[in-house]
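Engineer: Just need the structure, nothing else, for what follows:
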Amino acid sequence: MKLISDAGNIHTLKIAIASELTGTHLQYEEVKHDEKVAGALTQNKLPILEVDTGLTLFSANAACRYILCKAGQDVDSLMVDQWLEWEAAELQPVLWPYLVSSVGQGKVESKQVQAVKGLLAHLDDALHLKELIVRDQISAADIVLWSALFPAFFDIAALQDWSSQYLNISRWFNKLSQHPAFQKGFTMVTSGKGVSAFKASLLAQPVPLPAIWDTKKLKMTLTGSGDKEKTEPPSEEKSVSVTAEETKAAVAAWKQMTTPTPVQRTHPILPQEGKRNILITSALPYVNNVPHLGNIIGCVLSADVYARFCRLRNYNILYISGTDEYGTATETKALEEGLTPQQICDKYNKLHSEIYEWFNIDFDYFGRTSTTQQTEISQDIFWKLYEKGFVITDTVEQLHCAKCDRFLADRFVEGTCPLCAYEDARGDQCDKCGKLINATELKNPKCKVCKTTPEIKTSEHLFLDLPKLEPTLSSYLDKQFEDGIWTQNAKVITKSWIRDGLKPRCITRDLKWGTPVPLEGFTDKVFYVWFDAPIGYISIMANYTDKWKQWWKNPQQVQLYNFMAKDNVPFHSVIFPCTLLGADDNFTIVNHLSACEYLNYEDGKFSKSRGIGVFGNNAQETGVPADIWRFYLLFIRPESQDSTFAWEDFVLKNNSELLNNLGNFINRALMFVANSFGGQVQEITLTSEDEELLALITRDLKAYVDCLEKIKLREGITHILNISRLGNQYMQANKPWELVKGDAAQKSRAGTVVSLSANIACLLSVLLQPYMPQVSATIQMQVNAPKECNVITEKFVCLLKPGHKIGTPQPLFKKMDPKEAEAHKKKFAGQGDDSKKATSGGKGKGPAAAVAANPAEAERLTAEVAKQGDAVRQLKASKADKTTIDAAVAVLLDLKKQLSAAQGQNSHGHSNTADPAAAERLTAEVTKQGDVVRQLKASKADKSSIDEAVAVLLDLKKQLALAQGQNPTDVQGSGKKKGKKK
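Structural biologist: Numbers count the residues shown, from 1 in each chain. Predicted structure coming up:
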């Protein structure tokens, strides 16, 4: 394909990003804006995309979507078409004159600004509760709208408040701005010159014709759900339409008044012939710690929602989990607390159980791995692998601590990651880049126990021959990827392992606490935790029932669903399946894998040692009910990207979505039934308006079922809230509080409205059950729900029939006080706030007061500074625009200030204590960097490279001054330059 464009064409940005996103190679030809390139056009229109002989695309929007489609990455939805139409017909005619004035001429009129802001408000509203414009994949709509808005958002003169005024757009825009494809596309089109590169092309092109549709008319179509048959704007008379077929089906279902009978749980639950038998596991949490909110949403809570949904669908399901108790982590914790490994396991297994019980996690069985069954089953699987030739031996170089007199298992070693230079990497895995590493590869390794530097020695170990099992695994996974439900990150991680070629994986460790290796010559070793731990799912089941083989050796009847965070994926999708495939004993192997991204806390990560973030036991102490925590964690569940727990947003979602929307509707509906009709459901005489409401609710009900079947738990919540909003709108439109005071017909109508609303409340109680089980039970008590209601189908059935007596309505939710939330935020902010307060010195010229150092915070901030430094260097290397680089540099400088405070430096960054050892090291570094600067100047390198090297030199000089006990502001070159003599 050939792309023809003039330099700095904004529309070319759309095509460039699409090609970068898909990896599509484009031949690029740059022409002048008035150069004739297409004979078929009476007026030149750039850019154009030549697809093949005789076929040329003159629309950048169409070209963008064509590239995505050719690469199999197009989101096939009418919503995308509608947004592309909106961009061309509504946004461009208003935005283009603004950009011509702003970017091209350096001035704008207030009318232009207001016109643009009107359209931004529409887009911001459409992005409410969404990460991307359509579904959960970057689409042509995202690319086209981001490209159109990019120049406007970097004109700080007129739209400087856009990021605070349009929070939803800001979140969406910033997310895409960090995507490599968007950054590369922008750099390509602007040639690294920033927004000013668009000026010439802007002034040369004609202004787009004004729109013929009104934004308000399009709003419901663009923000609604489901694909429509026609692309014309909806009529003004009816903002949301349903078909006659939908209405007819919804009314028939309503009048059916029958539902399947809920299946009662009887233990032990075993697979049944002809049933959908689902085995659900959540990743086994390490027993040595207290789970934080990210751990909880990452596995046990997500699996619990799906398990509860499956029970409501009358599937035959079993949900198991337990604590992972063997391995280095347990030995380390035992050493820290002065207990035996078994005592640590007993203590923390109880603590985990109590936390999950408080969060209403409804396991069928929650066990542990330090059991006799674990030893028996693990050793049996090992012997099968060994006898079939899938276990090999090899000599391993290991780190040995002379002071502790033992080989150090992976988690007893800490050091610098050899791949990303993260300074807190463990001996088995780096938490920053996520790569698996060997302890001997670490730079600057230290024994975690005594902090001395270990030495490398050899030890013979057993390995699982993964290369030999790779063909069998690949064949198995190809089918599961096609038929099963796998999150995108799970597929990508798994495929990357296989693409790079599997390597033999060590399955033994020189430890005492673990499953003993039964092979002669290796009996002084135990199985490595990631060979041993997944087998824990099987042994936990064996502790639940002696008929465990009916679940774990029955792939013909059982479907296995795994829930976990993304860092656990390769062990569940590669290593454990290889183990079971190699054993060749008809094991049930993973069919579906749901992996969460990471949940962050406020502006950083959870840290127990630094007291940052809310952990399971902390949540109980806040007084906020467990179901509110469940709701918010699921509302922000990191399904396709990392998300963040924020107290301010927690308060907002509770007060708006739960209190004002859901709680308000249910309480109003039931209070009217109780107060105006003696608590008795009335005869329901449906009008056409009521029938349409039934159809709309059925549409959301079907979408809810579809979401949860596909484990899109976060999206499922939106359909519950949509149904509640429909109920609120229905009540508000019909005003039963007025009707009930009228004549007999009006009072009858009021009875219909509130009784239909009470049935909606009953439906909501069932749909809420997977997410908020206690709230669900409370609603069902208030509506006096019949037992048969607790089955989810795709039909909205009248469950509260005329004459049914409801219970006593009570408010479901309490308003959350922002001040109380702020207090919780400070409580769980860790030690960072104290260190920041310590930096506030006086304004006098004398020496600043000494500041207490915070080693733990300094350690964290050192890593953050390194990470942000990498980001700045990458931006400069890619020749990003100056605004973006300046913003990144500002963040880096702020982090350095925080680091200075945490290192015990005063408000000037000046420590009161000299450090001779550091001074000696830094003197050498300054000399070395000085040579680099001189060489760059001598070779006449470009100014940006020299400036960057000089900045490094000055920073080193400041560090040297600090180490020498001097004021870093005295460093030559760090102050203002002296003016030249006149």
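Engineer: and the helix or strand harbouring residue 950, how far from the chain's centre?
Structural biologist: With elements taken from DSSP states H and E, the one containing residue 950 is helix 943-963. In terms of Cα atoms, centre = their mean, to the nearest Å, the centre of helix 943-963 is found 37 Å from the chain centre.
Engineer: and that helix, what does it pack onto?
Structural biologist: helix 855-877, helix 916-938 (3 or more Cβ pairs under 8 Å, 6 or more residues apart in numbering; DSSP states H and E). The way it works is simple: take the backbone N, C-alpha and C, and place the C-beta from them, glycine included.
Engineer: make it 6 Å
Structural biologist: Helices and strands touching helix 943-963, as assessed by 3 or more Cβ pairs under 6 Å, 6 or more residues apart in numbering; DSSP states H and E, comprise helix 916-938.
Engineer: Which residues does the helix or strand harbouring residue 675 contact?
Structural biologist: Per DSSP H and E: residue 675 is located in helix 664-676. The contact list for helix 664-676 (Cβ atoms under 6 Å, 6 or more residues apart in numbering) reads 724, 727-728, 736, 740, 754, 757-758, 761, 782, 806, 809, 811.
Engineer: Can you say which two of the residues you listed are spatially most distant?
Structural biologist: For the contacts of helix 664-676, the maximum inter-member distance is 22.3 Å, found between 724 and 740 (Cβ to Cβ).
Engineer: Looking at the two, which one has more neighbours?
Structural biologist: Applying other Cβ atoms under 10 Å to residue 724 and residue 740 shows that residue 724 carries more neighbours, namely 24 against 19.
Engineer: Counting neighbours, which bits of the helix or strand hosting that one end up buried?
Structural biologist: Assessed by DSSP H and E, residue 724 sits inside helix 713-734. Neighbour counts over helix 713-734 (16 or more other Cβ atoms under 10 Å) mark 713-724, 726-728, 730-731, 734 as buried.
Engineer: helices or strands up against that helix?
Structural biologist: Contacts defined by 3+ Cβ pairs under 6 Å, 6+ apart place helix 713-734 against helix 664-676, helix 688-709, helix 744-768.
Engineer: Please repeat the previous calculation with a cut-off of 10 Å.
Structural biologist: Packing partners of helix 713-734 (3 or more Cβ pairs under 10 Å, 6 or more residues apart in numbering; DSSP states H and E): helix 301-312, helix 626-635, helix 664-676, helix 688-709, helix 744-768.
Engineer: For the first one, give the mean pLDDT please.
Structural biologist: Helix 301-312 shows a mean pLDDT of 98.
Engineer: what's the distance between that helix and the middle of its chain?
Structural biologist: 20 Å.
Engineer: about what we covered before: and the helix holding residue 675, how far out from the chain's middle?
Structural biologist: On the basis of Cα atoms, centre = their mean, helix 664-676 is displaced by 37 Å from the centre of the chain it belongs to.
Engineer: What about residue 940, how many residues nearby?
Structural biologist: Residue 940, neighbours per other Cβ under 10 Å, totals 8.
Engineer: Correction: the previous question concerned residue 569.
Structural biologist: Other residues close to residue 569 by other Cβ under 10 Å number 24.
Engineer: Residue numbering should commence at 849 henceforth.
Structural biologist: Yes, from this point I'll number from 849; that puts the last item at residue 1417.
Engineer: can you pull the contacts of it?
Structural biologist: If a contact means Cβ atoms under 10 Å, 6 or more residues apart in numbering, then residue 1417 has 1131, 1282, 1334-1335, 1337-1342, 1345, 1410, 1441, 1443 as its contacts.
Engineer: Show the buried residues in these.
Structural biologist: Counted by 16+ other Cβ under 10 Å, the contacts of residue 1417 give 1131, 1334-1335, 1337-1339, 1341-1342, 1345, 1410, 1441, 1443 as buried.
Engineer: sorry, back to before: report the mean per-residue pLDDT for the helix holding residue 1523.
Structural biologist: Mean pLDDT, helix 1512-1524: 96.
Engineer: for stretch 1442-1459, same thing?
Structural biologist: Mean pLDDT, stretch 1442-1459: 88.
Engineer: what distance separates the start and the end of it?
Structural biologist: 29 Å (Cα to Cα, to the nearest Å).
Engineer: do stretch 971-980 as well
Structural biologist: OK, stretch 971-980 end separation, Cα to Cα: 11 Å.
Engineer: which regions of the stretch 999-1148 of the chain sit below the pLDDT cut-off?
Structural biologist: Residues of the stretch 999-1148 of the chain meeting the criterion pLDDT under 70: 1002-1012, 1050, 1053-1089.
Engineer: Show me where it has its helices.
Structural biologist: Counting by DSSP state H, counting those that start in this stretch, the stretch 999-1148 of the chain has helices at residues 1010-1013, 1015-1025, 1028-1038, 1047-1052, 1063-1071, 1092-1104, 1141-1143.
Engineer: which of these is buried the deepest?
Structural biologist: Of the helices of the stretch 999-1148 of the chain, the one with the most neighbours on average (mean count of other Cβ atoms under 10 Å) is helix 1141-1143, at a mean of 24.
Engineer: next one: that helix to chain centre, how far?
Structural biologist: How far helix 1141-1143 lies from its chain's middle: 12 Å, per Cα atoms, centre = their mean.
Engineer: list the helices and strands that helix packs on?
Structural biologist: So helix 1141-1143, by 3+ Cβ pairs under 10 Å, 6+ apart, packs with strand 1447-1449, helix 1464-1469, helix 1474-1483, strand 1491-1493.
Engineer: which residues sit against it?
Structural biologist: 1131, 1133-1134, 1137, 1149, 1200, 1203, 1207, 1413, 1444-1449, 1453-1454, 1461-1464, 1466-1467, 1477, 1480-1481, 1484, 1486, 1490-1491, 1493.
Engineer: filter the residues you listed to the buried ones?
Structural biologist: So, by 16+ other Cβ under 10 Å, the buried ones in these are 1131, 1133-1134, 1149, 1200, 1203, 1207, 1413, 1444-1449, 1453-1454, 1461-1464, 1466-1467, 1477, 1480-1481, 1484, 1486, 1491, 1493.
Engineer: Surely residue 1262 is in a helix?
Structural biologist: No - read with DSSP: H, G, I helix; E, B strand; the rest coil, residue 1262 is strand and lies in no helix.
Engineer: Quick one: residues contacting it.
Structural biologist: 1271-1275, 1287, 1290, 1292-1296, 1299.
Engineer: Low-confidence bits of the stretch 1649-1798 of the chain, can you list those?
Structural biologist: Across the stretch 1649-1798 of the chain, the ranges flagged by pLDDT under 70 are 1679-1708, 1723, 1726-1739, 1742-1743, 1745, 1748-1766, 1792.
Engineer: Could you rerun that using 50?
Structural biologist: Along the stretch 1649-1798 of the chain, the model assigns pLDDT under 50 to residues 1680-1700, 1754-1760.
Engineer: Repeat that for the stretch 849-998 of the chain.
Structural biologist: For the stretch 849-998 of the chain, residues meeting the criterion pLDDT under 50 lie at 888-890.
Engineer: Show me where it has its helices.
Structural biologist: 858-870, 908-918, 926-934, 940-947, 958-974, 988-1001.
Engineer: Please tell me how far the nearest residue to residue 975 once chain neighbours are set aside sits from residue 1529.
Structural biologist: With sequence-adjacent residues excluded and distances taken as Cβ to Cβ, 6 or more residues apart in numbering, residue 975 is closest to residue 1016, at 3.9 Å. The spacing between residue 1016 and residue 1529, counted by Cβ to Cβ, to the nearest Å, is 40 Å.
Engineer: can you check residue 1633 too?
Structural biologist: Between residue 1633 and residue 1529 the distance is 12 Å, computed by Cβ to Cβ.
Engineer: how about stretch 937-950 as PDB, C-alpha atoms only?
Structural biologist: Extracted C-alpha coordinates of stretch 937-950, given in PDB (Å, rounded to 0.1, in the frame of the first residue of the first chain):
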ATOM      1  CA  ALA A 937     -19.900  15.600   9.800                       C
ATOM      2  CA  GLU A 938     -20.000  17.200  13.300                       C
ATOM      3  CA  LEU A 939     -16.500  17.600  14.800                       C
ATOM      4  CA  GLN A 940     -14.300  18.600  11.800                       C
ATOM      5  CA  PRO A 941     -16.500  21.500  10.600                       C
ATOM      6  CA  VAL A 942     -16.200  23.100  14.000                       C
ATOM      7  CA  LEU A 943     -12.700  21.900  15.000                       C
ATOM      8  CA  TRP A 944     -11.000  22.800  11.700                       C
ATOM      9  CA  PRO A 945     -11.600  26.600  11.800                       C
ATOM     10  CA  TYR A 946     -10.500  26.500  15.500                       C
ATOM     11  CA  LEU A 947      -7.300  24.800  14.500                       C
ATOM     12  CA  VAL A 948      -6.600  27.100  11.600                       C
ATOM     13  CA  SER A 949      -7.000  30.100  14.000                       C
ATOM     14  CA  SER A 950      -5.100  28.500  16.900                       C
END
